[in-house]
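**Q** I'll drop the sequence and a predicted model, then ask my questions.
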Amino acid sequence: MLPGHSAPAAGFEEPFEMLATCHERVERMLALTARLQQHLLEKGCDEPARHAARDVMRYFDLAAPLHHQDEELHVFPPLLAGADAALRTLVQRLVQDHRQMEVDWAEARRTLMAIAESTESGWTPLTPAQTGALNQFAALYRQHLDGENNTAYPAAQAALPPHALEAMSEDMMQRRGVAPSAMNTPITGKIGA
């Protein structure tokens with residue numbers, strides 16, 4: 001059986017913690033993809049496999065694009081505007097990674113869709129090209145996360161003043177349909193207060 005995942009809690013009031021939580025989710029989805037491939041080899045395409053494929057697609061279809069927007073709108077610009085040439089080069093590569101991930105995701109998604117829509121009786125094992133698509137997507141993402149976690153995020157967090165972090169939080173919430181005022185509403189014990 002393919003175990004599901006639980007999402008750690010992080011609030012929008014700490015945008016870099018929220019970004020780090022997204023990275024943890026990405027890592028869990030990539031690990032689920034690897035477990036899915038093993039499961040297919042050992043047990044074939046059953047309901048747990050189809051469910052896992054749908055979970056991975058849902059995450060990378062919905063959450064990942066918003067996360068990339070967060071980075072391109074708030075994390076990368078101060079680094080591109082800064083004086084550190086190595087950071088600028090890294091950020092340019094990270095932006096290119098996002099574009100390549102879109103291409104690689106389309107191919108990986110086709111493979112996951114084939115799994116999600118298959119029947120046990122009509123299942124054929126993954127081809128080397130399908131396995132390669134999943135593995136290529138995962139490898140690019142892991143390299144990408146390394147550059148962000150170890151260099152880009154710490155540098156951007158140090159460069160952004162508090163008001164920019166607040167604006168970042170508000171923008172992240174707005175693009176996800178979360179009311180910014182809800183974050184700052186004190187709890188008084190009265191309904192409607």
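**A** Looks like it came in fine.
**Q** okay, CA-based contacts and neighbour counts for the rest of this
**A** Noted.
**Q** right, and the helix or strand after the helix or strand hosting residue 135?
**A** In this structure, residue 135 sits in helix 128-147 according to DSSP states H and E. Counting by DSSP H and E, the next helix or strand C-terminal to helix 128-147 is helix 153-159.
**Q** Now do the top helix by length along the chain against helix 128-147, angle only.
**A** Secondary structure of the chain per DSSP state H: the longest helix is helix 85-116. Relative orientation of helix 85-116 versus helix 128-147 (axes from the mean of the first three to the mean of the last three C-alpha atoms, to 10 degrees): 150 degrees.
**Q** So which bits of helix 85-116 are buried?
**A** 87-88, 90-91, 94-95, 97-98, 101, 104-105, 107-109, 111-112, 114-116 (16 or more other C-alpha atoms under 10 Å).
**Q** With stretch 159-171 instead?
**A** 160, 165-166, 168-171.
**Q** pLDDT wise, what is the most centrally placed residue in the chain at?
**A** In the chain, the centroid-proximal residue (C-alpha atoms, centre = their mean) is residue 64; its distance is 3.8 Å. On pLDDT, residue 64 comes in at 95.
**Q** try the one 5 residues further on
**A** As predicted, residue 69 sits at a pLDDT of 97.
**Q** Repeat that for residue 187.
**A** Among the per-residue scores, residue 187 shows a pLDDT of 32.
**Q** what number of residues lie near the nearest residue to residue 175 once chain neighbours are set aside?
**A** Spatial nearest neighbour of residue 175, chain neighbours left out: residue 66 (7.8 Å); criterion: C-alpha to C-alpha, 6 or more residues apart in numbering. Using other C-alpha atoms under 10 Å, residue 66 has 15 other residues around it.
**Q** Which helix or strand contains residue 66?
**A** Going by DSSP H and E, residue 66 is in helix 64-70.
**Q** Show me what counts as buried in that helix.
**A** Residues of helix 64-70 classed as buried by neighbour count (16+ other C-alpha under 10 Å): 64, 67-68, 70.
**Q** Residue ranges in the chain under the pLDDT threshold?
**A** Across the chain, the ranges flagged by pLDDT under 70 are 1-11, 180-193.
**Q** re earlier: residues touching the residue nearest to the centre of the chain, list them.
**A** Counting by C-alpha atoms under 8 Å, 6 or more residues apart in numbering, residue 64 touches residue 26.
**Q** circling back to that earlier point, ok now the following helix or strand past the helix holding residue 66, how far from the chain's centre?
**A** Where DSSP H and E defines the elements, the next helix or strand beyond helix 64-70 is helix 76-81. The chain centre lies 21 Å from the centre of helix 76-81; the measure is C-alpha atoms, centre = their mean, to the nearest Å.
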